[in-house]
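Student: Below are the sequence and a predicted model for it; my questions follow.
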Amino acid sequence: MAKKIAEKFKMMIPAGQANPSPPVGPALGQRGVNIMEFCKAFNEKSKDKMGFRIPVVVTVYADKSFTMDLKQPPASDLIMKEAGIKKGTDNPLLNKVATISQEQLQKIVELKIADLNTDDKEVAAKIIAGSCRSMGVEIAE
């Protein structure tokens, strides 16, 4: 028989850096989850994505056990890494901050397609290209 789900929630935690301090500790503590067990498991699973913030969906069961589902880093973080910039522009229509190639765009699509609401790579590329445009990052032809 399946366990009864008590609660499901999302957090954004830097990869490999989960610790009992806020916001992780209080979010887990108020739900009765073993904080150190979560931190060790999260840090182990996310150590290959160091430098990124990782969205994680935590499912807490009635017996206070939990499961976690790690997602890929946000598209904006992946775009900034590929473009070599610290942040996007304040005005994407007037100020362009960087350019990425089609190969770099496809690399981001390969990583993010599992988290997007499509399985078509062309559609996924358009979604990521839209994020690029809103950040002031151009895509080279």
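Tutor: Structure's in. What do you need?
Student: show me where pLDDT drops low in this protein?
Tutor: 1 (pLDDT under 70).
Student: care to break it down by domain?
Tutor: Residue ranges for the domains of the chain, per automatic domain parsing: 5-70, 75-139.
Student: helix or strand right after the strand or helix carrying C39?
Tutor: Secondary structure from DSSP states H and E places C39 in helix 35-46. Downstream of helix 35-46, the first helix or strand assigned by DSSP H and E is strand 53-61.
Student: What is that following strand packed up against?
Tutor: Other elements packing on strand 53-61 under the criterion 3 or more CB pairs under 8 Å, 6 or more residues apart in numbering; DSSP states H and E are strand 5-14, helix 35-46, strand 66-70. In short, each C-beta sits where N, CA and C put it, glycine included.
Student: Work out the gap between it and the centre of the chain.
Tutor: 11 Å (CA atoms, centre = their mean, to the nearest Å).
Student: quick one, that strand and strand 5-14 angle?
Tutor: Angle, strand 53-61 to strand 5-14, by axes from the mean of the first three to the mean of the last three CA atoms, to 10 degrees: 160 degrees.
Student: So for strand 53-61, what gets flagged as buried?
Tutor: Using 16 or more other CB atoms under 10 Å as the test for burial, strand 53-61 gives 53-56, 58, 60.
Student: of the residues you listed, closest to F42?
Tutor: V56 (6.6 Å; CB to CB).
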